[in-house]
Structures are given as C-alpha cells and as structure tokens.
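**Q** Here you go, sequence then predicted model.
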Amino acid sequence: MSPQTVFAPWDDPHEKPLIQFRNVTKRFGDFTAVDNIELDIFEREFFALLGPSGCGKTTLMRMLAGFETPTEGTILLDGKDIAPIPPNRRATNMMFQSYALFPHLTVRDNIAFGLKRERRPKPEIDARVDEMLRLVQLQKFATRKPHQISGGQRQRVALARCLAKAPKLLLLDEPLGALDKKLREETQFELMDIQEKTGTTFVIVTHDQEEAMTVASRVAVMDHGKLVQVATPDVIYELPSSTYVADFIGDVNILEGRITGQDDDRVEIAWAEDQPSIHAKARVALAPGSTAYFAIRPEKIAISATRPETAPNAVTGKVLDIAYLGNISTYHVELPGGQVIKAQSTNTDRMAAREFTWDDTVWLGWSDAAGVVLER
Amino acid sequence: MRRFVVVAVPYLWLLALFLIPFVIVLKISLSDPAIAIPPYAPTLDLSEGWQGLKDFFAGLDFENFAFLTTDDLYWKAYLSSLRIAFVATLFTLLVGFPIAYGMARAEERWRPMLLMLVILPFWTSFLIRVYSWMGILSSEGYLNQVLLALGVVAEPLTILNTNAAVYVGIVYTYLPFMILPIYATLEKLDMSLLEAAEDLGCSRLSAFWLVTIPLSVPGIVAGCFLVFIPTIGEFVIPSLLGGSETLMIGKVLWEEFFSNRDWPVASAVAVILLLILIVPIILFQRNEQKQREAEG
Ligand SMILES: Nc1ncnc2c1ncn2[C@@H]1O[C@H](COP(=O)(O)OP(=O)(O)OP(=O)(O)O)[C@@H](O)[C@H]1O
Ligand SMILES: [Mg+2]
C-alpha cells in the first residue's frame, strides 16, 4: 500500500476529529465507570471498543448517545460540546446491547420508527425499510412481532433499525454477538460496505477480538474505565503496550524476568534458573536489573524435533497437550522447570501425518524480533 | 387423573359459588309473589312426586320479565347505571394513571411503601370510608368549611346527594383497582425502549404516546373493567352519597327486595343485570388471555 491510500487521520495533526473526549469521567455514586478518558475519533472511522465485562464500554456509548452526561470533562462532536443536546436531536443512532425493540410493533414498523419521526413521505420510508429488510435478510419476517422471532433475528432487526436513518455516527453495542459465524462475517462485510458508501463513522463494542481485528480502523482496549491502548489492530496485536493488552487480545505466552544486559535495542532477560536468557529487541529503554515481561504469540514460536541452529532463542521440553483447531494445532510444551509455553504450527498435512505427539521431546525456537518486551 | 382434577376443581367451584345461586335466583324470578315465607310461589314439593314437579314447572312463567318492560323505571335505571359506571371509570382512569405512572417511575426503594399506601385504605371498613365522605362533602362538611374560609365560594356548595358525590365515592373506592394493574404493566416497561424511541428522534412526550401508552394498554383495559364491572351494580355508594336524581340499578334492586318485598321482580332485575355484566366480563377475560399469550 502506498502511503496516500492509507486511512490514518489520527496520524495527521491537521485532521479535525469528529468526536473528542476531553478528560471525561463518569461516576455512578462513588463508583467510577469511566475514568478520565482522552480520546479522538475521526470521521469515517470504524472504531472498536474492546474490554472485559463492566469496564465501561456501554457507558462510554451512552454518553455519546446522550443518555448519560459526563460527571467531569466534555465531549465534543464536530468541535461543539454535545452536553446540552438531547438524544433525539443528536445525529447519532445507537444499537442497544439489549436490542430494545418495541414489542408492540412489527419488525417492519420497528425499522420504520425513526424514519416516520422525520415525517418523510411514505413511499420513501417503505423503500428504505425494504432496503434494510433485504440487508439483514428478514424480508420474510417483516410482519412478525419481536417475540415471534429468534434472538439472532432480533439482533438483526435492531441493527436494521439504527442503520435505517443513515446517521452521521452509529453506535453499535455488541451488534453481532448472537449471529452465527457465517452470518456475522457477512454482516461485518455489509457494515464495512455501508461505511464505504455513506462515510458513516462507526463506534462498535465487541467481545470478539477477531471481529475487532477484521472491521476496525482502530481498537481501544479498556480496563476499569480507563483506556489502556488505542491503536490500529495490527499494532495492538504485534506491539501491545502492556501484558494486559497482549493477554486480552489473542493467545500469548508471557514470561516474567529480569533485564540482565542491554546493548543498543537488544536486551537479555533472565527468566528461569536453568534456562538460557531470552534475547529480544526492546522498543523502550529498560534499566538492567528491572523486571520485564516478554510476550510472544504462539504462532511466532517454531517447533522442531532438533535444536534449531539459527534461532537466537531455543528451549527444549516435553509435549504436554495438543489442541487441534482444524487449520492450526497448539502445542503446550512443558519445560524442565515446569513452565509451559504454547507454540502453534499450521496443519499443512492431515491429522495422521502430524509430526509430534504427547510426551515427545521437542525444541522451541524464536527470533529476537518475534516478541515484545514490556515493562508491565 | 391429575388432569381431571385440575380441570374439575374450577368447574366445581363455579358450580357451587355461581351456578347454583344463579339457578336459585333464576327460579325465583320465574315465580309469582306470595304472602308467605319465603315470599314467592310455587315452591318445589317433592313429596307430591311426579305431579308435584309438574305443578311446580307449570307455576313458573316470564311475567316478571314482561313486567320490567312495562315500567320505564327499569330500563332507565340500567342505562343510567351503565352511564354512571362508564363516566366514573373514565374519571378513575384519569386519576389512576398518573398515580400509577408516578409509582412506577419512583425510586425502587420507595415502591413497596407507595403500593402499601394504595392498599392501606382497604384495611378499614368500606362503610366507614363512605360515611366519612358524607362528612367531607355535606354542606357543613370539611370541604365547604375550607372553601368558605378561603373565600373561594360565598355559599356552601351542594355536593352531597348529587351525582357528583357518587362519582367522588366511586373514584375513591375503586381507585386501587385501576392503579394496581396499570402499575404492574408500567413497572415492567423496559426503560431502554424509551431511550431507543428518543434515540430515533422522539421527544419525551411523543415517546410517551408511542411507547408507554401502547405498552400499558393491557393494564389500562384490565383496570377499566375492574372498575366498570362492579360499579354497574353498585348500591352502597349511590344510596349513601347520591340523591333523588341518582338512578342506579343496584338501588332499584335493593328497594324491590327490601321495601317492596317483591322477590320475584327483584330476582328478574338481578338476572338481567347479570346478563348485562357478562359482556364486559367476557371482554375482560379475553384481554387477560391476550396479555398472557403476548408474555408467554
Ligand atoms: N446506571 C448505573 N448505575 C450504577 N452503576 C452503573 C450504571 N450503569 C453502569 N454501571 C456500572 O458501570 C460499570 C460499567 O458498565 P458498562 O455497562 O459500561 O459496562 P460494559 O463495559 O458495557 O460491560 P459489558 O461488556 O458487560 O456490557 C459497571 O460496573 C456497571 O455496574
Ligand atoms: Mg455493555
């Protein structure tokens, strides 16, 4: 990709953000749900919020939609404070985590609800609703009431309802959680397509890190009301800022140790008594003697029967467990000191031809740029 | 066997508490008044055997029902009862809905106490409560004293012994029957629905009209029937608070029974009243069933 086509307004100091959170804090009583957040979201972004249950994702969304007011700080939309604007005047639509479908209205009337409030002409509304029904593949269920359709179908109605008005900013609180994998992928694709076409900005909450990776322009990882890291999906995955982020997204081995030597950007980490020190490249300067964490993804570790000659890091151990996932296998390898390291290999051959089995002695090797060195 | 019991018990219940008394009343309504104890004839005398049964049935006729059509007092009383019940139900709804709404929107820890306040008056005698309204509404009553003292009126208002007093009495008495079912539906209402409506462009007020009201319809309908049905036959309130203009079938019924001692005509009045009541009762049952289905 040439630099011109890369969509990265957050790197451009001249770009004006669509949404700005300025030191936003939200408290419920003495419980802090959102803690001093500074965040810019740009137009046309597909911004994903990720974090464990109860970390404040929904609260953040509700402040954008206008159902909660920040206890401290301001939220700017297009440079203007949105605090005085009631929810029905905001150019945002929200898909609720609980769907919040109107039980007394049919699927069709649910989707048309927002359009009717704008007093658009009836044929226009009908056409738009039909389009939405087609999009979420619910044409056949248009006349049913919400309690007469399945959970996944309800989720799609909720999605269609908030998409119908084509707002400037769409807030989706776990929009695809109840859908099966195939439909979820199709809908993800549709969402990206809608975004291409309409230039809508999306803020989406998801528990599914794969989804965040696929659709998001940037991902924010939250913990206890704080933003831990905000970055593009590949940065989050390859260069997590802390073990928390590394652990939250994807599978990872985290080895705790002490810095014993540093030479330029290379560090040596002593991490277990009878194991060689880890050689790794560090992006931050770490003082010798300080505690460090080495985080490495299982797929970055090569597994072999003999000692890898070229790898700067190599350890040996016994296969403890094998998790067969179809396309890949994860080997849990126990080192003599009892530590377990996970390594992944792609299954190019079929099951019968697998190289290693339980209790085999194997070697694990990785390069010095395969993992990241973290302070915490 | 269990199935049989489950089905049979309510029917036995209905038979004992409704059908048998109804048959007795129906029988009396087909009899003729007599100076005797009980004050009607014929009475079934089984010692006469087959002949006695035949005489008994020969003595029954529809005279009393025919009589009800000759005097326009009766149909006017039925109509007037329906009208008063209808208007009173509307008033009760107007007073009850805001109360129920306020209760459902109150903080959760207050709700049990508010419910208690609604139910509490039921723990004192109904008669005493109606009598105390006489004390409030009469021309020397508390209401007039306050109004006179404040200078709102120059002359005491005549409220007692008018239809207005009857409405006050009915609204007061039946208010809990309106509040409780409406409260039950409003309390279940998912607040995120109102947020969703606002998010989609509704003002608070239109969200109320488009979401809150339609979703509380089952409660409103149930409340209206629970007030309307017993009000039609209401006797105590119109006779204590109403005046000569207040024409209600309950009062007519009472007078037939106890002033005229004409049990057959009184029974005929009661049978017709029951037939009139069956319509709203069936509608009420339908509403309840529909609601159960929607929830189930
Ligand atoms: N109205 C409220 N009153 C009190 N506490 C609240 C309220 N709303 C949210 N909270 C608390 O704030 C915290 C954050 O809630 P929030 O709904 O934002 O979590 P979330 O990240 O969306 O979680 P999930 O992934 O489970 O949906 C939770 O601990 C929750 O209990
Ligand atoms: Mg949530």
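**A** Nice, thanks for sending it over. Ligands and ions are numbered 1, 2, ... in the order given.

**Q** Counting by contacts, list what the helix or strand where residue A:58 lies packs against.
**A** Using DSSP states H and E, residue A:58 sits within helix A:57-65. Where contact means 3 or more Cβ pairs under 8 Å, 6 or more residues apart in numbering or on different chains; DSSP states H and E, helix A:57-65 is packed against strand A:19-28, strand A:31-41, strand A:46-50, strand A:92-95, strand A:169-173, strand A:201-205. Heads up, the C-betas are built off the backbone N, CA and C, glycines and all.

**Q** I'd like to know which of those is closest to residue B:68.
**A** Between residue B:68 and the helices and strands packed on helix A:57-65, the tightest spacing by Cβ to Cβ is seen for strand A:92-95, at 63.3 Å.

**Q** which strands and helices sit next to that closest one?
**A** helix A:57-65, helix A:151-163, strand A:169-173, helix B:191-199.

**Q** related to what we said a few turns ago, what pLDDT, on average, does the helix holding residue A:58 get?
**A** Regarding helix A:57-65, the rounded mean pLDDT is 94.

**Q** So that helix, near ligand 2 or not?
**A** Yes: residues of helix A:57-65 contacting ligand 2 under Cβ under 5 Å from the ion: residue A:58.

**Q** if we can go back for a sec, how about the helices and strands packed on strand A:92-95 in CSV, adding distance to residue A:339 and mean neighbour count?
**A** Shown next, in CSV, are the helices and strands packed on strand A:92-95 (distance: least, Cβ to Cβ, whole Å; neighbours: other Cβ atoms under 10 Å in any protein chain shown):
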stretch, distance to residue A:339, mean neighbour count
helix A:57-65, 34, 23
helix A:151-163, 42, 23
strand A:169-173, 39, 24
helix B:191-199, 47, 22
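
**Q** quick one: the helix holding residue A:58 to strand A:201-205, angle?
**A** With axes from the mean of the first three to the mean of the last three Cα atoms, to 10 degrees applied, the angle from helix A:57-65 to strand A:201-205 works out at 150 degrees.

**Q** quick revisit: turn the helices and strands packed on strand A:92-95 into CSV, columns for distance to residue A:35.
**A** What follows is these, written out as CSV (distance: least, Cβ to Cβ, whole Å):
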stretch, distance to residue A:35
helix A:57-65, 10
helix A:151-163, 28
strand A:169-173, 20
helix B:191-199, 24
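
**Q** Tell me which residues touch the residue of the stretch 201-350 of chain A found nearest chain B, please.
**A** Closest contact between the stretch 201-350 of chain A and chain B, by Cβ to the nearest Cβ, is at residue A:203 (13.9 Å). Applying Cβ atoms under 8 Å, 6 or more residues apart in numbering or on different chains to residue A:203 gives the contacts A:19, A:41, A:47, A:48, A:49, A:61, A:64, A:169, A:170, A:171, A:172.

**Q** hang on, the earlier thing: got the CA positions of the helix holding residue A:58 in CSV?
**A** Extracted in CSV, the C-alpha atoms of helix A:57-65 (Å, rounded to 0.1, in the frame of the first residue of the first chain):
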residue,chain,number,x,y,z
LYS,A,57,-17.9,0.4,27.1
THR,A,58,-21.6,0.8,27.2
THR,A,59,-21.3,3.8,29.5
LEU,A,60,-19.0,5.5,27.0
MET,A,61,-21.5,4.8,24.2
ARG,A,62,-24.4,6.1,26.3
MET,A,63,-22.6,9.4,26.8
LEU,A,64,-22.2,9.7,23.1
ALA,A,65,-25.9,8.9,22.5
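
**Q** Can you name the element that comes right after it?
**A** Past helix A:57-65, the next helix or strand by DSSP H and E is strand A:72-77.

**Q** Contacts for the helix or strand following that next one, please.
**A** Following strand A:72-77 in sequence order, the next helix or strand is strand A:80-81 (DSSP H and E). Contacts to strand A:80-81, defined as Cβ under 8 Å, 6+ apart, come from residues A:74, A:75.
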